[in-house]
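[1] sequence first, predicted coordinates after that:
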Amino acid sequence: MKILIIEDEQLSARKLIRLLHEINPAIEVLEVLASVEAAVNWMTSEINPDLLFMDIQLEDGLCFEIFEKTNINIPVIFTTAYDEYTLKAFKVNSIDYLLKPLKIAELKDALKKFRTLKNPMDFRDLNQVLEKLQPKQKERFLIKMGERYKSVVISEIECFYIKERSGFMHLSNGKDYAIDFSLDKIEEMVDSKMFFRINRNMIINFNSINEILAYSSSRLKITLKTWSEPEEILLSRERVNDFKNWMDR
């Protein structure tokens with residue numbers, strides 16, 4: 001059996017390899033890849049394995065991006081620290097979902113499940129599995145205004161941002177409201193086709209962009225339709241290529 005591991009934590013990868021070889025010394029680990037980019041490159045240029053072991057959170061993004069960029073029809077066993085909603089969703093499918101820290105008994109069961117498939121390619125549609133695995137995208141945010149509450153439709157939000165260590169949303173009507181979520185969490189909650197993390201402190205809505213300007217050191221400056229704060233909105237240098245691809249999809 002040829003296995004490919006997609007995992008950005010070296011200790012976790014080494015433990016997985018050790019457990020696999022304890023179970024079956026004949027298992028061949030083709031490679032350990034730490035990023036979405038490396039996995040995409042492998043899938044488009046290398047020999048495909050029989051089975052994938054894959055973490056969800058990689059060093060350059062979520063593993064779901066791999067499936068968006070390549071045509072993968074290989075069985076997957078997920079090994080991740082995510083729990084509950086993903087675990088419940090994935091347990092109805094043929095291939096397994098293992099929570100860290102990995103336990104050898106659960107790993108044995110997952111491999112047994114894989115081997116007992118009549119044909120490894122006959123497992124349930126992977127795209128349906130991935131849709132269930134991904135957190136449901138929010139359509140509305142409930143915000144508190146003093147003693148009152150207001151529900152904000154996601155399309156009304158021009159951006160999410162951090163100011164003085166607090167999180168806010170800026171609406172198309174020019175108003176700002178405090179939020180209880182981190183930007184990392186919001187990235188998981190909103191549609192990545194409509195929202196983009198331009199730097200550590202801001203996520204913008206595609207429809208809110210007014211102008212994109214060249215800036216020093218190969219960066220970009222962005223203006224939003226109703227944003228009136230004095231601080232310039234600058235796209236971090238390392239995100240420029242991803243931003244251009246996002247704009248051009």
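    Arrived safely.

[2] need the helices for this protein, in chain order.
    In the chain, the segments counted as helices under DSSP state H are 10-23, 36-45, 64-69, 85-90, 104-115, 126-133, 183-189, 240-247.

[3] surely Gln61 touches Ala34?
    Residue 61: Gly, not Gln. No: when contacts are counted by CB atoms under 8 Å, Gly61 is not listed as touching Ala34 (11.6 Å). (Each C-beta comes from the backbone N, C-alpha and C, glycine too.)

[4] looking at these two, which one has more neighbours?
    Ala34 (18 against 15; other CB atoms under 10 Å).

[5] contacting residues for that one?
    Taking CB atoms under 8 Å, 6 or more residues apart in numbering as the criterion, Ala34 is in contact with Ile6, Glu7, Asp8, Leu58, Glu59.

[6] can we see that at 7 Å?
    Counting by CB atoms under 7 Å, 6 or more residues apart in numbering, Ala34 touches Glu7, Asp8, Leu58, Glu59.

[7] give me the number of residues near the closest residue to Met202 other than its chain neighbours?
    Among residues not flanking Met202 along the chain, Tyr161 sits closest, at 4.5 Å (CB to CB, 6 or more residues apart in numbering). Using other CB under 10 Å, Tyr161 is surrounded by 23 other residues.

[8] surely Tyr161 touches Tyr177?
    No: using CB atoms under 7 Å, Tyr161 is not in contact with Tyr177; the gap is 11.5 Å.

[9] between those two, what contacts are shared?
    With CB under 7 Å, 6+ apart, Tyr161 and Tyr177 have common neighbours Phe168.

[10] fine, thanks again, bye for now.
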